[in-house]
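Asker: Build the 3D model from these lines:
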Amino acid sequence: MASKNVQDGSVKKGLTRKCLVKKKATQKESFYEPLPKRSRKEFLQKCEAVSSSEEASFTLPLLPHHSNVLSTKARSAMTVENASERDSSDEDNNTFSEDELPHLSKYEKKRLKNIQENAKFFASLKVKETTASLFNGAPRTLSKFRREKKTKPKKNVAMASRRSMRLRGLGVFRQSFRLRRLDPQGIPLSELPEKTAKAYLSGYVTKPAGPLQMVPVNEEQDDAFLNFLEGWENIFSKVKMSTDRKQANSLDRYKASLNCMTIKEDYVTKVVNGRIHSMAIHPSETPILVAAGDGQGTVGIWNLSKKNDPRNENFLLEPHAHRVSCLHFSPSNPSQLLSLSYDGTLRCGDFSKAVFDEIYRIEDFSLTSFDFLGRDGSTLIVSQFDGEFAVVDRRTPGTSHEMCGTVEMGELKNISVHPEDAHYFLGCGRSSVNIYDARQIKNKELLNPVARLNGHSRNVNSAYFSPRNGKRVLTTCFDDNLRVYDTSCILSNIDLLSSIRHNNFTGRWLTSFRAVWDPKREDCFVVGSMSRPRQIEVFHETGSLLHTFFNMDYLASVCSINVMHPTRNVLAGGNSSGRVHVFMD
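Answerer: Numbers count the residues shown, from 1 in each chain. Predicted structure coming up:
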């Protein structure tokens, strides 16, 4: 069957080729049908005679059945020179008479007649003779027509550049009264007060020096705030401040406790009006007290002790004029809340006295962070934007530092003190994280690091020692990584324990992430997340994700700043609109 099909196909192809050849031959023969053989031969001779002259090219509009007969020269346009070259004898031989071509149509006869008349007209112009007469003279040489090179004038190097009379100090030029410090009548104005470097950095009117009274900005809460201060002695002053935090026995039990933490409508409220930059949670187990600082110098106090509606007891205080970048409750006195701001002040809010005492003030640069150098909370170390730091003793009268120094990284964004060896403190800025020894501080001199935590490719936003024994360091970097370092033995180079890929790009309108340790654990930490649905993540030091706090109904924003309770299972997260979300068991 297959061979038969092949044979049939070959036969069909042969027949097809024969048909095409036969069809072409038929078309060629049919082309000459309108004219007899003798007339067709005469017609072709006449056409070739017309086009035989040198470079003769005049256009012959072809008839449909003559398109393939006329030569290429016959179909080209006639030029002036070609017409003049034909002599009279050629014209007589190339004339067409109606008797010679009786089978041509009227259009073909008229067209050939027009061709003949055009040829006679161009011959009468005698273009060839005129052209020859123009070149009868001597042949021109190329040297006569060569262009001479123009020499460019040399630039006068000594020529002075043009400058206005104002720049040359000549003449009188106009200047407004405002620039000349004159009023409209031409009277000189008083000199402007000299602005300090601090005023350029802050851009805000600073608070007056000295203590400030605790007066809530939200006046509708005045009575509630008075009741809050009266009950402070009975509730918060009885809290025992213990630095020994017990760690959960196993990681499984810790994960189970995280699963029991939930959020409800009563545990979400707007604590401050601006973006939250710092948070702190009071160590008392009951009631729960959360403090938050925003970018306008406001500190919000939220008391969750109200059983009916905890959102009603929220107090706004204004101890600063600029961003509150760091908040800590005193480790020795539970009634004291210390706050640090970009306006260059460090204050201690004493709720038992209802006053904000000024601990430290600097006029030139903004303050970024602070930490306690001892468990009694009397000595602090404060970091500045320009890369300097200061040691402040609260027991010394005045608002100045005891000693100060500088670091090589150029700026200090965050500072953290080792929980056991308090002479070690951690500083981060730009892409550097270093460990320093406070015993080597010499007043106003460069302090060299004793250890470096390498591996950061972009700016580091925060770095913290682990809360119990300081054997780990947690860093948050803008290269989208959370890193954990092993600081059990402080050497010149600290080994990297784990690196966790995490989206830390919060953008312009959100507060930057700062991963913080859970005070109850030495190996777990909490951080905000850009993932959807919005959530707060808890990681283990090995990089494994232990738990995510999320709720579609009550958590719908990014919580950049988070803090955990030191003894209870309570998590507070603040977003960039001043709202605080609390998860608790």
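
Asker: Near the closest residue to N575 other than its chain neighbours, how many other residues are there?
Answerer: Using CB to CB, 6 or more residues apart in numbering and skipping the chain neighbours, the partner closest in space to N575 is S557 (4.3 Å). C-beta: built from backbone N, CA, C; applies to glycine. Other residues near S557 come to 15 when the count uses other CB atoms under 10 Å.

Asker: Could you list the low-confidence segments of the stretch 101-250 of the chain?
Answerer: Residues of the stretch 101-250 of the chain that meet the criterion pLDDT under 70 lie in 101-102, 135-174, 191-204, 235-249.

Asker: hmm, back to that, contacting residues for the residue nearest to N575?
Answerer: R534, N575, S576, S577, R579 (CB atoms under 8 Å, 6 or more residues apart in numbering).

Asker: mind running it again at 10 Å?
Answerer: L510, G528, R534, G573, G574, N575, S576, S577, R579, H581 (CB atoms under 10 Å, 6 or more residues apart in numbering).

Asker: just the buried members of the residues you listed?
Answerer: Buried by 16 or more other CB atoms under 10 Å: L510, G528, R534, G573, G574, N575, S576, R579, H581, out of those.

Asker: As a markdown table, those residues with secondary structure and pLDDT would be great.
Answerer: Formatted as a markdown table, these follow (DSSP: H, G, I helix; E, B strand; the rest coil; pLDDT from 0 to 100):
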| residue | secondary structure | pLDDT |
| --- | --- | --- |
| L510 | coil | 96 |
| G528 | strand | 98 |
| R534 | coil | 97 |
| G573 | strand | 98 |
| G574 | strand | 98 |
| N575 | coil | 97 |
| S576 | coil | 96 |
| R579 | strand | 97 |
| H581 | strand | 97 |
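
Asker: quick check, nearest of these to L367?
Answerer: Of all the buried ones among the contacts of S557, G574 has the smallest distance to L367: 20.2 Å, by CB to CB.

Asker: For the residue nearest to the closest one when sequence neighbours are not counted, give me the pLDDT.
Answerer: Residue nearest to G574 in three dimensions, not counting chain neighbours: I276, with 3.5 Å by CB to CB, 6+ apart. Per-residue pLDDT puts I276 at 98.

Asker: Do I have it right that I276 meets G300?
Answerer: Yes - assessed by CB atoms under 10 Å, I276 is found in contact with G300 at 8.6 Å.

Asker: quick one, which of the two is more surrounded?
Answerer: The neighbour count for I276 versus G300, taken as other CB under 10 Å, is higher for G300 (28 against 25).

Asker: so which helix or strand takes in that one?
Answerer: For G300, the host element (DSSP states H and E) is strand 299-303.

Asker: F228 too?
Answerer: helix 222-230.

Asker: Can you pull the phi/psi pair for the residue nearest to G574?
Answerer: With angles defined as degrees, to the nearest 10, I276 sits at phi -80, psi 130.

Asker: quick thing: my sequence starts at 12, can you match it?
Answerer: Renumbered: residue one is now 12, and that last one reads I287.

Asker: for the stretch 162-311 of the chain, what spans make up the strands?
Answerer: For the stretch 162-311 of the chain, the strands defined by DSSP state E, counting those that start in this stretch occupy 223-224, 279-281, 287-292, 300-305, 310-314.

Asker: So which residues make contact with the shortest one?
Answerer: When you say that, I think you mean strand 223-224. 328-331, 356, 358, 360, 364-369.

Asker: now the end-to-end length of stretch 493-511.
Answerer: 5 Å (CA to CA, to the nearest Å).

Asker: which residues touch the nearest residue to Q546 once chain neighbours are set aside?
Answerer: Distances taken as CB to CB, 6+ apart put F561 closest to Q546, at 3.8 Å, once the chain neighbours are dropped. The contact partners of F561, taken as CB under 10 Å, 6+ apart, are I274, S540, S542, R543, P544, R545, Q546, I547, E548, A567, F594.

Asker: any idea where the strands of the stretch 362-511 of the chain begin and end?
Answerer: Assigned by DSSP E, counting those that start in this stretch, the strands in the stretch 362-511 of the chain fall at 366-372, 378-383, 390-395, 399-404, 414-417, 425-428, 435-440, 443-448, 456-457, 462-463, 471-476, 483-488, 492-497, 506-512.
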